[in-house]
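Trainee: Structure of the sequence below:
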Amino acid sequence: MFGNSNDQPSAAPAGDAESIEDLSTVTSGRWIVHTLTGSRHLFDLDAGTVHRFPAPEAAPLQLPDIERQIRTIDRVQVGEAGYYTMHSPEWLIDYLWHQTSTVLRIVREK
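Mentor: Modelled structure (predicted):
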């Protein structure tokens, strides 16, 4: 489990890990989205949160990579760039958004 910012999802899924092609096909569980840059995004659909774990070569964000409340999952499917929005902690900002690099695989966290 990921109790703090130092806990990261595995870079390589176990051989018997359940995988899917499109995150919109599931409504529960913890899913690790692996992207072309090597970044990983942990979607906890039960808690309604997402946490980005950037690879060293990934583009930096202007906000810290912390667990955030999911607002929408617009597109997270293998072979495409992912796009999702998150609720903003700032009352003057309606929401935050993120576009990933190409999604390589989506696996259930064990």
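Trainee: Find the centremost residue of this protein, please.
Mentor: His41 (2.5 Å; C-alpha atoms, centre = their mean).
Trainee: Give me the distance between the helix or strand harbouring it and the centre of its chain.
Mentor: Using DSSP states H and E, His41 sits within strand 40-44. Its chain's average C-alpha position is 3 Å from that of strand 40-44, according to C-alpha atoms, centre = their mean, to the nearest Å.
Trainee: ok, now stretch 25-45?
Mentor: On the basis of C-alpha atoms, centre = their mean, stretch 25-45 sits 4 Å off its chain's mean C-alpha point.
Trainee: In this structure Ile106 contacts Gly79, no?
Mentor: No. Using C-beta atoms under 8 Å, Ile106 is not in contact with Gly79; the gap is 10.9 Å. The way it works is simple: take the backbone N, C-alpha and C, and place the C-beta from them, glycine included.
Trainee: Those two: which has the busier surroundings?
Mentor: Shown here are Ile106 and Gly79; by other C-beta atoms under 10 Å, Ile106 has more neighbours (24 against 9).
Trainee: buried stuff in the one helix or strand the more buried one maps to?
Mentor: Per DSSP H and E, Ile106 falls inside strand 95-108. Across strand 95-108, burial judged by 16 or more other C-beta atoms under 10 Å covers Leu96, His98, Thr100, Val103, Ile106, Val107.
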